[in-house]
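# Turn this into a model:
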Amino acid sequence: MKMIKCYMQFEKLDEIREKLFALGVPGMSVAEVKGIGKPLSQMQSDPDPGKSRVPQFHHRIEISIVLEDESVDEVVEAMTTTLRTGKLGDGKIFVLPVEDAVRVRTGEKGTQALY
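The predicted structure is shown next:
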């Protein structure tokens, strides 16, 4: 199993939700987060080099999904295609290993706990 963590812009949430459930994603968690990406490159391109700038947080959405390994590539591709605008701030996707999952209500483990 793998966990996909995706950090994205608010505006794309409904579109990505529809796309993921159309692909059969078993469920997802969504959280509002704040983050800073590439602050050093932003500061280096500052037209006023004498001015001190502190990078600012940006409001984003974090989606967490746990899937069977076989589904990960298709889901990541769909997310990338749906979220890409070509502009700074489109987001990041991380894929992490998941050792196990347990459905608390039934005690089911592994991929059985996902569905």
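# which residues sit against the longest helix along the chain?
Counting by DSSP state H, the longest helix found in the chain is helix 69-83. By C-beta atoms under 8 Å, 6 or more residues apart in numbering, the residues outside helix 69-83 that reach it are 1-2, 4, 6, 8-9, 12, 15-16, 19-20, 23-25, 65, 67, 90-91, 93, 95. The C-beta positions use only the backbone N, C-alpha and C, and glycine is treated the same way.
# Quick one: the helices in the chain, in order.
Under DSSP H, the chain gives helices at 13-22, 39-44, 69-83.
# what about residue 82, how many neighbours?
14 (other C-beta atoms under 10 Å).
# per-residue pLDDT, it?
If you check residue 82, the pLDDT there is 96.
# Could you measure from the closest residue to residue 64 other than its chain neighbours over to residue 66?
What sits nearest to residue 64 in space, not counting adjacent residues and going by C-beta to C-beta, 6 or more residues apart in numbering, is residue 29, at 4.5 Å. Counting by C-beta to C-beta, to the nearest Å, the separation of residue 29 from residue 66 is 9 Å.
# Then residue 98?
Separation of residue 98 from residue 66 (C-beta to C-beta) stands at 6 Å.
# what about those two, which has more around it?
Using other C-beta under 10 Å as the criterion, residue 98 and residue 66 rank with residue 66 on top: 19 against 15.
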